[in-house]
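> Dropping a prediction and its sequence here:
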Amino acid sequence: MRLPAIAVSLLVVAPICAQTGPFGSGLFEVFEKASCRDCHSPDGVASPTRLHFPEPGAAPEALEAFGKSLVVLIDRENPEKSLLLNKPTNRIAHAGGERIAPGSDDEKVLREWVDRLTRLSNVELSAALKYREEQDSGAGGGEVSQADLRRLTHSQYNHTVRDLLGDQTAPANRFPPEDFVNGFRNQYESQSLSPLQIEAYSAAAERLAANAFRGGDTHGLIPCKEDTADCRARFVREFGLKAFRRPLEEVEQKRYEALMAGADGLIPGAQLVTEAMLQSTSFLFRLDSSPEADWRPYAMASRLSYAIWDSMPDSGLLQAAARGEIDTPEGVAKMTRRMLDDPRARESLSEFVSQWMRFDRILQASKDRRKFPQFTHETAVAMTEEARIFVADLVWNDRNFMDLFTADYGYADADLASIYGVQAPAKDFDKVAFPQDSSRAGVLGQALFLSITAKPEDSAPTARGLFVREQFLCQKVPEPPAGVNTNLPPVSEDRPQTNRDRMMEHATNPSCATCHRLIDPIGFGLERFDAIGAKRDTFQLSFPVPRKEGGERGDMKTVDLEIDPNGYVAGLPNSEFNSPSQLGKVLAESDQCQECVVKQYLRYTLGRIETPADRPLIRKVLADFRNSGFRFRELIIALMRERASLNPGEAVNVASHHQTP
């Protein structure tokens with residue numbers, strides 16, 4: 001099987017002037033110029049609204065159909081009250097602010113289109129609504145029937161050589177670092193192979209093979225003891241099945257037998273074959289799905305094992321594949337339940353959580369030692385450990401997973417207890433109740449979230465709002481316009497200001513306001529917590545005391561300012577809050593947040609961002625998740641089962657996969 005290029009095609013959006021047709025020659029250009037697509041995209045902050053743009057580069061007919069589907073935003077009896085007219089002009093409160101100026105030529109084009117939509121015939125209206133229904137359901141999104149290969153991530157590589165060879169050295173920790181894409185380190189778009197990566201694989205294979213047979217066959221990898229053709233063939237066949245996660249083809253079997261026969265003895269031959277297999281693309285890339293019937297069960301076995309265990313299939317899973325026991329959705333669900341009881345499932349989920357919650361940021365963070373002397377590397381590790389234990393308890397004890405945002409407790413050691421203002425537990429990371437007056441709840445009240453979304457010296461409302469949008473609502477906030485000055489006015493003793501006061505520039509500057517009104521108000525509601533997550537009653541500024549006022553070197557005086565902790569989440573109804581506990585309740589009850597939990601796990605397991613074709617899958621898994629009382633194990637089972645119910649050859653073309661901006 002040939003390895004496809006691990007690359008993602010870059011879509012070049014055709015110039016707007018090249019669009020033709022009544023819609024393409026007018027309103028589409030207006031929307032594009034107003035940057036409406038930035039928010040009104042599947043992962044944009046306005047994704048829940050009824051304005052959904054077609055894919056970039058869509059044909060004129062698709063643009064025309066999209067334009068007519070906007071009839072759902074028209075008041076046909078009173079066109080002047082139409083949302084399509086009043087939202088982008090901000091006559092009706094619009095989270096994105098004024099995108100089209102009232103009275104402008106662009107608004108004239110908008111009015112002309114509103115007028116046209118009010119005059120659609122019944123046949124046109126029916127077609128427009130049908131088009132919209134198809135887009136919302138994901139119909140016509142397309143599935144590519146092609147074998148799907150995914151490179152082992154560093155954690156998968158470590159776990160695979162552990163389970164295959166008994167090697168505990170975690171060699172991938174020395175590989176070139178992986179990049180975060182779409183919030184995770186296992187996405188197709190980041191899986192290209194550099195010369196440095198290939199060299200690292202080669203060196204690791206040599207070390208691993210040598211270690212595996214140092215002192216003889218101490219790990220019991222060779223199933224026979226005589227250096228005969230039959231013994232060599234058996235080793236190649238059985239070890240190859242485990243290493244490649246599928247039976248070897250005849251030509252592969254003969255090639256590795258010949259390689260082994262040329263060595264000086266059974267163990268040197270086995271070491272040579274092991275080293276060669278560990279450098280093969282069939283080891284380094286796992287088969288996630290396949291249109292070929294003979295390989296399909298093994299592709300399913302690999303899909304399940306790397307999703308649930310972050311490692312290779314065990315003998316039981318490979319045997320189930322050979323017997324056809326995971327050929328049906330029901331069989332997959334049964335196997336998934338069995339696999340979730342294995343300790344490796346907990347380790348795998350921990351890897352998902354560490355990436356979703358961005359543990360890497362706190363482990364690399366630094367804080368101002370003068371302001372936060374209690375923050376050390378050990379404290380940072382404790383923050384990740386608390387989050388890990390907290391999520392594990394929700395998942396493996398079958399609790400309501402939306403308690404992630406509302407639970408009134410945490411898991412502390414002495415350092416975290418000091419930050420939280422509670423008595424240290426008798427044992428590190430025992431459950432501790434948050435004080436009732438702490439306003440803490442769930443992950444939003446824990447030190448990890450509050451610290452990674454802060455600067456070294458202070459909190460960062462923008463970073464906190466952005467994290468909530470991206471990680472918990474699955475919404476992508478557009479990048480700042482090129483050339484925009486992101487520096488805030490400095491604080492001076494004669495004009496002390498809180499973060500909210502200083503950031504008023506974001507609200508008044510048109511080039512900043514569009515995005516910052518979507519994220520800053522979220523962070524403002526968390527301002528009672530400092531850069532390491534400790535609660536504060538006032539916003540404190542420090543200034544050096546001049547010597548002429550009697551100050552000695554290093555003397556500081558402080559100014560305490562009142563904090564306004566009121567915030568809201570633009571786009572969510574009734575979302576006003578002033579604490580992590582109140583924000584947690586807003587998120588836990590939000591459809592968008594509940595769906596985002598599904599999407600995040602989907603992105604992690606599929607290795608890509610969701611597409612319109614995934615909408616039915618997401619809706620079905622979300623429905624099962626809700627019906628289970630938000631049990632995360634049921635989410636995992638539903639996702640594995642529903643993916644198995646798709647076209648058996650369903651896969652994403654790795655070489656041409658793209659995402660909606």
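Yes, it's here. Residues are numbered from 1 along each chain as shown.

> Distance from the lengthiest helix in the chain to the middle of the chain?
As assigned by DSSP state H, the longest helix anywhere in the chain is helix 377-396. Computed by Cα atoms, centre = their mean, to the nearest Å, the chain-centroid distance of helix 377-396 equals 18 Å.

> average pLDDT for the very next helix or strand once past it?
Going down the chain from helix 377-396, the next helix or strand is strand 409-412, by DSSP states H and E. For strand 409-412, the mean per-residue pLDDT is 97.

> that older thread, buried ones in the longest helix of the chain?
379-380, 382-391, 394-395 (16 or more other Cβ atoms under 10 Å). All C-beta spots, glycine's among them, are computed from the backbone N, C-alpha and C.

> Export these as TSV, with columns for distance to E457 and pLDDT.
As requested, the buried residues of helix 377-396 are exported to TSV (distance: Cβ to Cβ, whole Å; pLDDT from 0 to 100):
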residue	distance to E457	pLDDT
T379	16	98
A380	16	98
A382	21	98
M383	18	98
T384	22	98
E385	25	98
E386	23	98
A387	23	98
R388	27	98
I389	29	98
F390	27	98
V391	29	98
L394	33	98
V395	35	98
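
> tell me which of the residues you listed is nearest to I618?
When these are ranked by distance to I618 (Cβ to Cβ), V395 comes first, at 19.7 Å.

> excluding its backbone neighbours, what's nearest the closest one?
Nearest residue to V395 in three dimensions, chain neighbours excluded: F632, at 4.5 Å (Cβ to Cβ, 6 or more residues apart in numbering).

> How are the strands of this protein distributed by residue range?
Secondary structure of the chain (DSSP state E): strands at 144-145, 148-151, 285-289, 409-412, 430-433, 538-544, 556-562, 650-651.

> Against which helices or strands is the third one packed?
In other words, strand 285-289. Contacts defined by 3 or more Cβ pairs under 8 Å, 6 or more residues apart in numbering; DSSP states H and E place strand 285-289 against strand 148-151, helix 296-308, strand 650-651.

> So what touches the longest one?
Outside helix 296-308, the residues that touch it by Cβ atoms under 8 Å, 6 or more residues apart in numbering are 147-148, 150, 156, 245-247, 286-290, 311-314, 317-318, 320-322, 324, 326-327, 332, 335-336, 339-340, 344-345, 348, 605, 636, 640, 643-644, 648-649.

> Using PyMOL, define a selection of the buried residues within those residues.
In PyMOL syntax, the buried subset of the contacts of helix 296-308 is picked out as below (16+ other Cβ under 10 Å):
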select buried, resi 147+148+150+156+245+246+247+286+287+288+289+290+311+312+313+314+317+318+320+321+326+327+332+335+336+339+340+344+345+348+605+636+640+643+644+648+649
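
> now the helices for the stretch 51-200 of the chain?
60-69, 83-86, 105-118, 122-137, 154-165, 195-212 (DSSP state H, counting those that start in this stretch).

> pull the CA atoms of the fourth one into PDB?
As requested, the backbone C-alpha atoms of helix 122-137 are provided in PDB (Å, rounded to 0.1, in the frame of the first residue of the first chain):
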ATOM      1  CA  ASN A 122     -43.500  29.700  -3.800                       C
ATOM      2  CA  VAL A 123     -41.400  27.400  -5.900                       C
ATOM      3  CA  GLU A 124     -38.200  29.500  -5.200                       C
ATOM      4  CA  LEU A 125     -39.100  29.700  -1.600                       C
ATOM      5  CA  SER A 126     -39.500  25.900  -1.300                       C
ATOM      6  CA  ALA A 127     -36.200  25.400  -3.000                       C
ATOM      7  CA  ALA A 128     -34.500  27.900  -0.800                       C
ATOM      8  CA  LEU A 129     -35.800  26.200   2.400                       C
ATOM      9  CA  LYS A 130     -34.800  22.800   1.100                       C
ATOM     10  CA  TYR A 131     -31.200  24.000   0.300                       C
ATOM     11  CA  ARG A 132     -31.000  25.400   3.900                       C
ATOM     12  CA  GLU A 133     -32.300  22.200   5.400                       C
ATOM     13  CA  GLU A 134     -29.700  20.200   3.400                       C
ATOM     14  CA  GLN A 135     -26.900  22.500   4.500                       C
ATOM     15  CA  ASP A 136     -27.900  22.400   8.200                       C
ATOM     16  CA  SER A 137     -28.100  18.600   8.100                       C
END
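
> just the angle between it and helix 105-118, please?
If you take axes from the mean of the first three to the mean of the last three Cα atoms, to 10 degrees, helix 122-137 sits at 110 degrees to helix 105-118.

> Okay, angle between helix 122-137 and helix 60-69 too, please.
Angle, helix 122-137 to helix 60-69, by the same axes, to 10 degrees: 100 degrees.

> Summarise which helices and strands helix 122-137 is packed against.
helix 60-69, helix 615-627.

> export these to JSON lines and tack on mean neighbour count?
Formatted as JSON lines, the helices and strands packed on helix 122-137 follow (neighbours: other Cβ atoms under 10 Å):
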{"stretch": "helix 60-69", "mean neighbour count": "20"}
{"stretch": "helix 615-627", "mean neighbour count": "18"}
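
> where among the ones you listed is the average confidence lowest?
Among these, helix 60-69 scores lowest, at a mean of 80.

> ok, back up a step: what helices and strands are in contact with the longest helix of the chain?
Helices and strands touching helix 377-396, by 3+ Cβ pairs under 8 Å, 6+ apart, are helix 343-356, helix 359-363, strand 409-412, helix 414-420, helix 447-452, helix 632-644.

> 10 Å instead, please
Counting contacts by 3 or more Cβ pairs under 10 Å, 6 or more residues apart in numbering; DSSP states H and E, helix 377-396 is packed against helix 343-356, helix 359-363, strand 409-412, helix 414-420, strand 430-433, helix 447-452, helix 632-644.

> Alright, I will stop here.
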